[in-house]
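Q: no FASTA, just this:
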């Protein structure tokens with residue numbers, strides 16, 4: 001009887017630890033994804049700002065001629 005109680009407790013503890021580990025891993029993956037998306041948005045905003053500057057410089061040059 002005592003052995004069954006010990007087995008159940010070990011399985012419960014292992015289950016709790018597994019769920020905790022998986023939730024922590026999920027949170028870490030979400031954070032990494034969020035950081036990647038922010039970096040992509042930032043680089044997209046920078047590249048669009050650079051292309052806007054280049055087009056305005058080009059149009060100013062053509063206006064002068």
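A: Yep, that arrived. Keep in mind that what you see is a predicted model, and the values were worked out from it rather than measured.

Q: if I look at residue 8, how far off is residue 17?
A: 15 Å (C-beta to C-beta, to the nearest Å). (Each C-beta comes from the backbone N, C-alpha and C, glycine too.)

Q: Now do the helices in this structure.
A: 2-64 (DSSP state H).

Q: For the residue positioned nearest the centre of the chain, give me the pLDDT.
A: Geometric centre of the chain, nearest residue: residue 33, 1.5 Å, by C-alpha atoms, centre = their mean. pLDDT for residue 33: 96.

Q: same check, this time on the one 3 residues further on
A: Model confidence at residue 36, given as pLDDT, is 96.

Q: Neighbours of it, how many?
A: The local packing of residue 36 (other C-beta atoms under 10 Å) involves 10 other residues.

Q: cool, residue 26 as well?
A: Residue 26 has 10 nearby residues by other C-beta under 10 Å.

Q: do residue 5 as well
A: Residue 5: 9 surrounding residues under other C-beta under 10 Å.

Q: what's the spacing between it and residue 23?
A: 27 Å.

Q: and what of residue 50?
A: Distance, residue 50 to residue 23, by C-beta to C-beta: 41 Å.

Q: where's residue 35 relative to residue 29, distance?
A: For residue 35, the distance to residue 29 equals 11 Å [C-beta to C-beta].

Q: Check residue 44 too.
A: Residue 44 sits 22 Å away from residue 29, taking C-beta to C-beta as the criterion.

Q: next one: residue 8
A: 32 Å.

Q: what do you get for residue 37?
A: 13 Å.

Q: and if you look at residue 45?
A: 25 Å.

Q: Per-residue pLDDT of residue 1, please?
A: On the pLDDT scale, residue 1 gets 82.
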